[in-house]
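1. sharing a model that was predicted from the sequence below.
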Amino acid sequence: MHPLIEQHRGEIARLCRRYAVRRLEIFDSAARDTDFDPVRSDADFLVDFEPGSGLRAVRQFFGLAEALEQLLRRHVDLVEPRAIRNPYLRASIDKAREVVHGS
């Protein structure tokens, strides 16, 4: 995991509680930390929200994305695992992913 994510783990956990995130995982270059460009790379996250949180789904998703972008000062892509239908993409994501929040 790239140090940028690691150093903000506490703040990320706080955002996850605020937006009712059950599990948050980093994937792609920020998880591998071998080809992450601190200037240009975005941060890609898999997110699983708690059901029945009382928050509107749009608010959860875009609120979390915006808050992570402000915290990390870079573009953030959020992907819900159930949205990944392509098995090749799934395999690629599975190669480099790490839990940031949740179990």
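-> Noted; the coordinates are in hand. Residues are numbered from 1 along each chain as shown.
2. do you know how far residue 44 is from residue 51?
-> From residue 44 over to residue 51 the distance is 23 Å, taken as CB to CB, to the nearest Å. Just so you know, the C-beta spots here come from the backbone N, C-alpha and C atoms, and that holds for glycine as well.
3. and these two? Which one has more around it.
-> The residue with more neighbours, out of residue 44 and residue 51, is residue 44; 20 against 7, by other CB atoms under 10 Å.
4. doesn't residue 77 make contact with the more buried one?
-> Yes - applying CB atoms under 8 Å as the test, residue 44 and residue 77 come out as touching, 4.7 Å apart.
5. could you pull out the strands for the protein?
-> Ranges of strands in the chain, per DSSP state E, are 21-27, 43-49, 76-79, 97-101.
6. could you point out the longest helix of the protein?
-> Longest helix of the chain, by residue count under DSSP state H: helix 57-72.
7. which of the residues in stretch 20-35 are buried?
-> 21, 23, 24, 25, 26, 27, 28, 29, 30, 31, 32, 33 (16 or more other CB atoms under 10 Å).
8. okay if I get these as TSV plus pLDDT and distance to residue 61?
-> Below are the buried residues of stretch 20-35 laid out as TSV (pLDDT from 0 to 100; distance: CB to CB, whole Å):
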residue	pLDDT	distance to residue 61
21	98	10
23	97	14
24	98	12
25	97	16
26	95	17
27	92	17
28	86	19
29	82	22
30	82	19
31	84	21
32	80	25
33	72	26
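9. so which of the residues you listed is the closest to residue 62?
-> Residue 62 has its nearest neighbour among the buried residues of stretch 20-35 in residue 21, at 13.4 Å by CB to CB.
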